[in-house]
Every structure is written in C-alpha cells, then in structure tokens.
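>>> Provided below for reference: sequence and predicted model.
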Amino acid sequence: MSKAIRLNELRLYINRVKKFKVDDLANEFNVSRRTILRDLEELSILGVPLISEVGPNGGYQVLEEKNLLAVSFTKEETFSIFFALLSLKHFISLPFESEYNSIIKKFYLNLNGKMKGEIDLIKNKIDFKIDNQSKENPLLKELFMAAIENETLWISYLGVKRDIQPIGLFSQYGRWYCPSYCYLRKEFRLFRCDRISEIGLSVRNDKMNLKETNLHDIINLLSIKKEYELFVELTPEGVEKYKSNVSPYHRISIDSKGHGVIKGSISETEMDFLADYFIQMGKNAKVVHPIELRAEIKKKILELSVLYQ
C-alpha cells in the first residue's frame with residue numbers, strides 16, 4: 001500500500017473510531033509504530049484535529065467530528081484546482097488570507113510524489129495578472145462575515161461615519177466592493193472597501209433580515225440606477241493596447257484602417273478606474289461620452305497640471 005493511499009484510509013479510519021491507540025493502528029495497517037506516528041503528524045498538519053491522552057488508557061482521539069472527504073481527482077482536475085488557487089495570489093487582499101495559504105499548503109501536501117513533481121514543473125508555466133491591484137483592503141473578512149451573519153456595522157467611509165448592513169463582496173478591475181444597505185441614506189449603496197478606514201459592530205433595533213438577499217440582484221439594481229452609455233474612439237495603437245490589457249467586457253468594432261470604437265455601458269463605480277485607464281492611453285483614446293467620464297478625466301488632468309506647475 002502506497003503512503004498516499006494509507007494516509008487516506010487512515011484518516012477515514014480514525015474519523016470513524018474517534019478514539020484509538022498507536023499499536024492498534026500499526027496492527028490494522030501492518031506498519032511500524034514509528035510509521036504510524038509519522039502518519040499522524042502529517043494528518044495533523046493537513047488539518048485532522050487530534051489530541052493525545054497520557055496514562056494506561058490513553059491514546060489519541062479526534063477532537064471533534066469532521067467531514068473528512070475522500071475525493072479522488074484526475075490529473076486534469078488537480079491542475080484545474082491548482083490554477084484556480086494560483087489565480088488568487090495576485091490579490092493584495094482576500095477575505096481569508098491566512099486560510100487561503102493554509103489551503104494551498106494542505107492541497108500540495110496531500111498530493112502524491114509524482115503529482116507534486118508535475119505541479120512543480122508546470123507552476124512556472126502559467127500566471128495571472130490582476131489589473132490595478134494597488135490598494136490594500138484589511139477589513140474584507142469583517143465585511144464578509146457581517147454579510148454571512150446578517151450583522152449591522154458602523155464604518156468610517158471617506159471620513160464619514162455611518163451604519164451599513166453588508167450584502168456581500170465582489171471584485172472588479174482589481175478593487176473590492178461591498179454592496180450594503182446604508183441606514184444614513186435609507187437605500188442600498190455600493191462602498192469601495194479600500195475607502196473604509198474603520199469598522200465595528202453596530203446594535204440597531206431596526207436591523208433588517210437580509211440573509212436571503214441575493215448579491216447579484218443588488219449589484220444589478222445598483223447598476224441600473226447608475227448606468228451610462230460608453231463611446232470611445234481608438235487609434236490603431238489604442239486598439240492594440242485595449243485588446244491586450246482589458247477583458248472584452250465592452251464591445252469594440254474596428255474599421256478597415258485599424259481604428260476602433262468602444263461601445264457599451266458602465267456603472268458609476270467604474271468611472272474612477274476608466275478615467276485613469278484612458279488617461280494612460282494618451283492620444284490613442286478619445287472618450288466621446290458619457291460626459292461624466294469626460295469630466296472625471298478633465299478633473300484628473302487638471303490636478304496633474306497643478307501638481308507640475
């Protein structure tokens with residue numbers, strides 16, 4: 001029996017019996033006590049909650065009941081899981097950063113030797129880039145847990161203190177957003193997480209039950225309220241830059257000479273990012289409308305002009 005198979009059967013066995021002794025396991029799996037002790041140590045690293053008891057009736061036991069899944073993956077499925085985990089590493093902030101690192105470690109340690117070797121060979125052959133990941137969001141976990149537990153929070157948002165009730169989190173253009181009910185404005189609002197400087201639990205008598213509220217429904221509601229038609233003219237150089245740096249979220253048409261036109265719709269939350277993006281494209285992009293985006297670009301250019309006077 002290979003080590004990987006033995007570890008898998010061992011964790012299923014101890015989860016079933018709950019309490020056991022090393023000698024019993026050695027006899028059951030026909031290996032030495034030393035091997036069993038090493039296996040138990042590896043299972044503990046992988047997250048199996050074991051405690052030892054001293055004395056004549058001592059031994060080991062599972063601290064609490066766990067759902068230890070025995071799941072086998074094909075090579076392609078294993079690669080898919082690894083790539084999915086790899087895609088998260090470029091986020092400066094995640095709701096559960098320490099847990100993410102623990103999952104990576106457990107996933108890798110649970111692979112057999114051959115699969116570890118293949119992962120080692122290919123992990124430098126693929127990478128993911130998340131645009132505009134320039135802001136840390138240290139409060140993501142608190143916001144996410146408040147959404148899960150239907151809690152109200154007080155936050156300091158751009159210096160203004162207000163009570164909110166988070167619905168969930170989503171990331172767009174490398175920034176995290178938290179759609180929430182705002183008790184100050186008496187409506188659902190979209191909050192940029194990197195602009196929240198302080199946070200705490202708020203006790204309200206008028207707290208709503210938003211557990212069943214769907215995040216995507218709220219996002220669509222907010223988008224419908226604040227949506228603008230986008231029309232941008234691109235030079236041939238601008239077309240190439242746009243195609244290489246931005247996912248094809250907005251429709252682009254290209255004429256016979258290579259000039260392009262971007263058409264689509266954008267929400268208010270995208271204004272700041274798109275203003276920065278089209279400014280860095282220089283003369284290769286001209287925003288025709290919305291006028292709100294043109295105004296944001298002009299404001300940023302003016303601020304730069306004042307800075308360098």
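Structure's in. What do you need? Computed from a predicted model, the values in this text were never measured in an experiment.

>>> Every contact and neighbour count from this point should use C-alpha atoms.
Will do.

>>> Checking Gly47 next. Helix, strand or coil?
coil (DSSP: H, G, I helix; E, B strand; the rest coil).

>>> What distance do you get for it to Lys105?
Using Cα to Cα, to the nearest Å, Gly47 is found at 10 Å from Lys105.

>>> before we move on, what about Glu303?
46 Å.

>>> Same check on Lys75?
18 Å.

>>> Looking at those two, which is more packed in?
Lys105 (13 against 10; other Cα atoms under 10 Å).

>>> Could you look up the next helix or strand downstream of the host helix or strand of the more buried one?
Using DSSP states H and E, Lys105 maps to helix 97-109. Downstream of helix 97-109, the first helix or strand assigned by DSSP H and E is helix 113-122.

>>> ok, and for that following helix, which residues are buried?
Ile119 (16 or more other Cα atoms under 10 Å).

>>> Residues touching it, excluding its own?
Lys75, Phe79, Tyr108 (Cα atoms under 8 Å, 6 or more residues apart in numbering).

>>> for those residues, which one is nearest Glu53?
Tyr108 (30.0 Å; Cα to Cα).

>>> ranges for the strands of the stretch 201-309 of the chain?
227-234, 251-254, 260-267, 285-289 (DSSP state E, counting those that start in this stretch).

>>> Need those in CSV (columns: mean pLDDT, distance to Ile199 and mean neighbour count).
Shown next, in CSV, are these (pLDDT from 0 to 100; distance: least, Cα to Cα, whole Å; neighbours: other Cα atoms under 10 Å):
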stretch, mean pLDDT, distance to Ile199, mean neighbour count
strand 227-234, 90, 29, 18
strand 251-254, 86, 39, 14
strand 260-267, 86, 26, 18
strand 285-289, 95, 37, 18
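
>>> Which of these sits closest to Glu42?
Across the strands of the stretch 201-309 of the chain, closest to Glu42 is strand 260-267 (Cα to Cα), at 49.3 Å.

>>> Find the residue closest to Gly59 in space, skipping its chain neighbours.
Computed as Cα to Cα, 6 or more residues apart in numbering, the closest residue to Gly59 that is not its neighbour in sequence is Lys21, at 4.6 Å.

>>> what's around that neighbour, how many residues?
Lys21: 16 neighbours (other Cα under 10 Å).

>>> Against Gly47, how distant is it?
19 Å.

>>> what's the answer for Pro236, then?
Taking Cα to Cα, one finds Pro236 at 54 Å from Gly47.

>>> neighbour-wise, which of these two wins?
When Pro236 and Gly47 are compared for neighbours, Pro236 comes out ahead with 17 against 13, by other Cα under 10 Å.

>>> Next up, the contacts around that one.
Counting by Cα under 8 Å, 6+ apart, Pro236 has contacts Lys257, Gly258, His259, Gly260, Asn284.

>>> Tell me how far it lies from Ala84.
34 Å.

>>> ranges for the helices of the stretch 1-150 of the chain?
3-17, 22-29, 33-45, 75-86, 97-109, 113-122, 140-149 (DSSP state H, counting those that start in this stretch).

>>> and among those helices, the most buried is which?
helix 140-149 (a mean of 18; mean count of other Cα atoms under 10 Å).
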